[in-house]
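> Here's my sequence, what's the structure:
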Amino acid sequence: MEFKKILVPVDGSEYSMRAARAAVDLAASTGAEIVLVHCHKSFPSLLGEPYYQNAVSQTLKEANELLEPFRGLFKEKQISYTERLLQGPPRQAVAEVAKHEQCDLIVIGSRGLSDLEGLFLGSVTHRVLRVAPCPVMVIR
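Sure, this is the predicted structure:
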């Protein structure tokens with residue numbers, strides 16, 4: 001199987017870092033590009049200024065801090081990547097990005113930073129498996 005684009009959704013958990021490492025190995029052996037995706041929480045719509053802008057700035061700051069270790073990994077291994085920072089729940093967004101970017105594979109951690117963290121297969125991973133437009137590799 002040939003991979004040109006590998007989507008890696010991350011939430012800052014150890015599981016998503018494991019998935020990123022697996023994606024790096026695949027990308028290094030196939031020459032694929034990685035599409036790094038993080039979905040941050042939605043911005044509160046009822047806030048007025050300057051509170052709305054403060055919420056946006058804080059959320060973007062947190063997202064950039066979360067993404068930094070992944071960026072470092074890709075740069076260290078000299079893997080070509082692009083980033084997509086999305087607002088809202090990742091369940092559907094991951095599949096939509098995979099379709100839009102024409103990804104050949106999604107590499108995702110088996111669990112993440114959610115209330116259902118104790119389950120064997122996280123709720124986001126389960127949903128991505130059901131709606132993904134391409135093969136999904138789940139990393140434990």
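
> which residues does residue 9 contact?
16, 19, 37-39, 90, 94, 106, 108, 124, 128 (C-beta atoms under 8 Å, 6 or more residues apart in numbering). (Glycine included, C-beta is placed from N, CA and C.)

> mind listing what residue 77 touches?
Each residue near residue 77 by C-beta under 8 Å, 6+ apart is listed here: 24, 28.

> ugh, wrong one, residue 56
Residue 56 touches residue 43, counting by C-beta under 8 Å, 6+ apart.

> hmm, back to that, from the contacts of residue 9, pick the one nearest residue 82.
For those, the residue nearest residue 82 by C-beta to C-beta is residue 37; the value is 9.5 Å.

> neighbours around that closest one, how many?
A total of 26 residues lie near residue 37 under the criterion other C-beta atoms under 10 Å.

> Also the one 4 residues further on?
One way to gauge burial is a neighbour count; for residue 41, by other C-beta under 10 Å, it gives 12.

> That one and residue 25: what is the separation?
Taking C-beta to C-beta, to the nearest Å as the criterion, residue 41 is separated from residue 25 by 31 Å.

> Check residue 50 too.
45 Å.

> So which of the two has more stuff around it?
Just comparing residue 50 and residue 25: by other C-beta under 10 Å the higher neighbour count belongs to residue 25, 12 against 9.

> Just the CA atoms from stretch 93-100 would do, formatted as CSV, please.
The C-alpha trace of stretch 93-100 is given here as CSV (Å, rounded to 0.1, in the frame of the first residue of the first chain):
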residue,chain,number,x,y,z
ALA,A,93,-13.8,16.8,11.9
VAL,A,94,-11.1,14.1,11.6
ALA,A,95,-13.0,12.3,8.8
GLU,A,96,-13.8,15.5,7.0
VAL,A,97,-10.2,16.6,7.0
ALA,A,98,-9.1,13.2,5.8
LYS,A,99,-11.5,13.4,2.9
HIS,A,100,-10.7,17.1,2.1
